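[1] Below are the sequence and a predicted model; questions follow.
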Amino acid sequence: MSGVDTRTNLAGIELRNPVLTASGTFGYGTEFKAFMDLRRIGGFVAKSLTLEPRFGNPPPRIAEVRAGMLNAISLENVGVEAFINEKLPEIPDGVPVIASLFGTEIPAYAEVAKRLTGVPKVAGLEVNASCPHVKSGGIEFGQNPVVLAELVRTVRAATDAPLLVKLSPNVTSIAEMARVCEGEGADGISLINAVQAMDVDVRSRRPVLKNILGGFSGPAILPLALRMVWQAAQAVKLPLCGIGGITDADDAIKFLLCGATAVQVGTANYTNPMAAAEIAEGIAAYADANGFARTADLTGALEAP
Ligand SMILES: Cc1cc2nc3c(=O)[nH]c(=O)nc-3n(C[C@H](O)[C@H](O)[C@H](O)COP(=O)(O)O)c2cc1C
């Protein structure tokens with residue numbers, strides 16, 4: 001199409017365009033190879049990895065709600081070794097993979113980070129400090145600034161790979177959490193993870209999810225996520241990766257204008273596996289139509305009200 005330059009650098013990670021897919025909604029990339037050339041997107045964030053494989057919560061653990069979905073998968077994953085040995089080799093060259101990591105204790109996060117450092121195809125790491133439905137760890141790390149500081153400091157000491165920290169929206173001050181990440185040496189911040197929520201089936205009078213609580217994602221959370229990205233952009237100089245309810249190019253552009261360097265597409269992958277690729281092309285078309293030579297120039301280009 002146009003001569004618009006779509007390249008961007010997110011926290012030291014070179015991307016061919018600013019659209020990634022979000023952890024937990026794109027598997028290990030391998031599942032989506034059949035639907036599209038993965039080189040159409042900037043890269044993808046793989047499902048959060050733990051040291052050992054995990055099975056996650058019993059079903060029902062996923063449910064559709066108005067304008068979004070609830071999930072309580074609870075970090076089911078193949079474990080870091082199987083990811084490196086079985087999943088990564090299936091990913092075509094030239095597709096930046098950001099490995100998401102999780103641990104029930106801080107040292108376990110650091111160990112996963114160490115194992116992923118220097119692994120070919122792993123362009124960067126994303127610390128999941130914010131899963132809203134695991135019994136230990138997860139959200140606790142992202143909700144308390146002192147604990148978050150220790151987590152970021154420990155993982156930072158364990159790796160020299162580009163390091164993103166993914167924040168929870170379930171906090172009083174997102175600006176405070178963003179400052180903690182900056183202070184402890186993170187290279188960038190991804191936000192937001194799913195919003196803690198629940199639903200009830202009035203016929204059975206039971207919670208819809210076996211776990212009762214889950215993470216709410218999809219179009220309904222976009223304005224909340226946008227507000228948090230904008231507030232984080234005011235608070236820190238770190239590059240931000242905006243996430244939450246992005247379904248089309250206009251949604252993604254809103255995050256860029258509010259200060260995000262890149263975005264991640266999550267729930268939309270379930271209804272359209274090519275959503276992220278189409279969004280990347282839509283951002284370039286918007287830049288072209290509006291006189292921006294580089295899509296990177298959209299970052300922070302929000303006009304005064
Ligand atoms: C089924 C499902 C599983 C998810 N698993 C993870 C995960 O393993 N790690 C993580 O950091 N975020 C996980 N997320 C959160 C998404 O990456 C994203 O932050 C959130 O869904 C908001 O974006 P969206 O509204 O575009 O979906 C998951 C979301 C869904 C819907």
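    Cool, got the structure. All of these numbers come straight from a predicted model, not from anything done at the bench.

[2] which element is the residue in the chain that the ligand sits nearest to on?
    Relative to the ligand, the nearest point of the chain is Gly24 (1.9 Å; CB to the nearest ligand atom). Placement of C-beta: from N, CA and C, glycine included. Using DSSP states H and E, Gly24 sits in no helix or strand.

[3] chain center to the lowest-mean-pLDDT helix or strand in the chain, what's the gap?
    Ranked by mean pLDDT, DSSP states H and E, the weakest helix or strand in the chain is helix 139-143, scoring a mean of 81. On the basis of CA atoms, centre = their mean, to the nearest Å, helix 139-143 sits 16 Å off its chain's mean C-alpha point.

[4] what packs against that helix?
    Contacts defined by 3 or more CB pairs under 8 Å, 6 or more residues apart in numbering; DSSP states H and E place helix 139-143 against helix 145-158.

[5] near the ligand at all, the helix it packs on?
    No - using CB under 6 Å from any ligand atom, we find that helix 145-158 stays clear of the ligand, coming within 13.7 Å at best.

[6] so what strands line up beside the next helix or strand after that helix?
    Next along the chain after helix 145-158, taking DSSP H and E as the criterion, comes strand 163-166. The strands beside strand 163-166 in its sheet (DSSP bridges) come out as strand 122-128 (parallel), strand 188-191 (parallel).

[7] Go through those and pick out the most buried.
    Across the strands paired with strand 163-166, the average number of neighbours (mean count of other CB atoms under 10 Å) peaks for strand 188-191, which reaches a mean of 29.

[8] picking that back up, can you add mean pLDDT and distance to Asp248 and give the strands paired with strand 163-166 back as JSON lines?
    Converted to JSON lines, the strands paired with strand 163-166 look like this (pLDDT from 0 to 100; distance: least, CB to CB, whole Å):
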{"stretch": "strand 122-128", "mean pLDDT": "98", "distance to Asp248": "24"}
{"stretch": "strand 188-191", "mean pLDDT": "98", "distance to Asp248": "20"}
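
[9] what's the neighbour count on Glu86?
    Glu86 is flanked by 12 other residues according to other CB atoms under 10 Å.

[10] mind listing what the residue nearest to Val229 when sequence neighbours are not counted touches?
    Excluding its sequence neighbours, the residue lying closest to Val229 (CB to CB, 6 or more residues apart in numbering) is Gly242, at 4.5 Å. Residues in contact with Gly242, defined by CB atoms under 8 Å, 6 or more residues apart in numbering, are 191, 225-226, 229, 252, 255-256, 258, 260, 262-264.

[11] Could you do Ile212 as well?
    Met198.

[12] Show me which positions of stretch 218-225 end up buried.
    Judged by neighbour count using 16 or more other CB atoms under 10 Å, the buried positions of stretch 218-225 are 218-222, 225.

[13] ok, residues contacting it?
    Against stretch 218-225 from outside (CB under 8 Å, 6+ apart): 66-69, 169, 191-192, 194-195, 242-247, 251, 254-255, 266-268.

[14] Return the members of those classed as buried.
    Here, 16+ other CB under 10 Å leaves 68-69, 169, 191-192, 194-195, 242-247, 251, 254-255, 266-268 buried among the contacts of stretch 218-225.

[15] Of those residues, which belong to strands?
    Among the buried ones among the contacts of stretch 218-225, the ones falling in strands (DSSP state E) are 68-69, 191, 195, 242-243.

[16] when you check the ligand, which of these turn up near it?
    Residues of those in contact with the ligand (CB under 6 Å from any ligand atom): 69, 243.
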